[in-house]
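# let's see this in three dimensions:
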Amino acid sequence: MRAAVEDFIGHYRNLGLSGSALWASEVAALERHLGLILPAAYRAYLLVAGAYPPPNLVGSDCHNDYLYKLREWADILLGECGHPFALPADSVVFLMHQGYQFFYFRADGGTDDPAVWYYYENWSAPEQRYNRFSDWVAEIVL
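Sure thing, here's the model as predicted:
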């Protein structure tokens, strides 16, 4: 996986992704907290912009101050909306905005670059927004 992470880091930097990096030990601690192995595309994102987000994400909860709380907050939002669906156990909520919308992917080990799902308050179900996490990254740096 290390080579895949390095490839994604190079790709993200070529795209112009900016921010402040998490340490590898901080990423490992997050994995322990979640009980999941993070896919290479997301690990790379954290190692480039996980401590402080790129300019287009300022105002969204998506960096190290929030990473441990996002899943809980998403579950609370779903509860407030009448539990329209349940997040699968392997879901990683990686961004929440203003408490009424969030993005997540599945860390099921099936791919280094998982699809990204989006939920907006009071929707009956999430929708797939991106085929790959790296597509989401490409969009946020535009």
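# quick check: most distant residue from the centroid of this structure.
The outermost residue of the chain relative to its centre, with distances by C-alpha atoms, centre = their mean, is residue 82 at 23.8 Å.
# is it within a helix or a strand, and which one?
Using DSSP states H and E, no element contains residue 82; it sits outside every helix and strand.
# give the contact list for the spatially most central residue of the chain.
By C-alpha atoms, centre = their mean, the mean C-alpha position of the chain lies nearest to residue 94, the distance being 2.7 Å. By C-beta atoms under 8 Å, 6 or more residues apart in numbering, the contact set of residue 94 is 42, 62, 67, 70, 103-105. Placement of C-beta: from N, CA and C, glycine included.
# Three-state assignment for it, please.
Per DSSP: H, G, I helix; E, B strand; the rest coil, the secondary structure class of residue 94 is strand.
# skipping adjacent residues, who's closest to residue 12 in space?
residue 48 (5.2 Å; C-beta to C-beta, 6 or more residues apart in numbering).
# can you give me the neighbour number for that neighbour?
21 (other C-beta atoms under 10 Å).
# what helix or strand does it sit in?
Short version, using DSSP H and E: residue 48 is in helix 40-49.
# from the contact counts, what lies against that helix?
Packing partners of helix 40-49 (3 or more C-beta pairs under 8 Å, 6 or more residues apart in numbering; DSSP states H and E): helix 2-15, helix 24-34, helix 133-140.
# and which of the contacts of residue 94 is nearest to residue 35?
Distance to residue 35 across the contacts of residue 94 (C-beta to C-beta) is lowest for residue 67, with 13.9 Å.
# and the gap between the residue farthest from the centre of the chain and residue 91?
Here the criterion is C-beta to C-beta, to the nearest Å. By it, residue 82 lies 19 Å from residue 91.
# with residue 33 instead?
Distance check for residue 33 against residue 91: by C-beta to C-beta, it reads 14 Å.
# okay, those two: which has more neighbours?
It is residue 91, of residue 33 and residue 91, that has more neighbours when counted by other C-beta under 10 Å, with 21 against 11.
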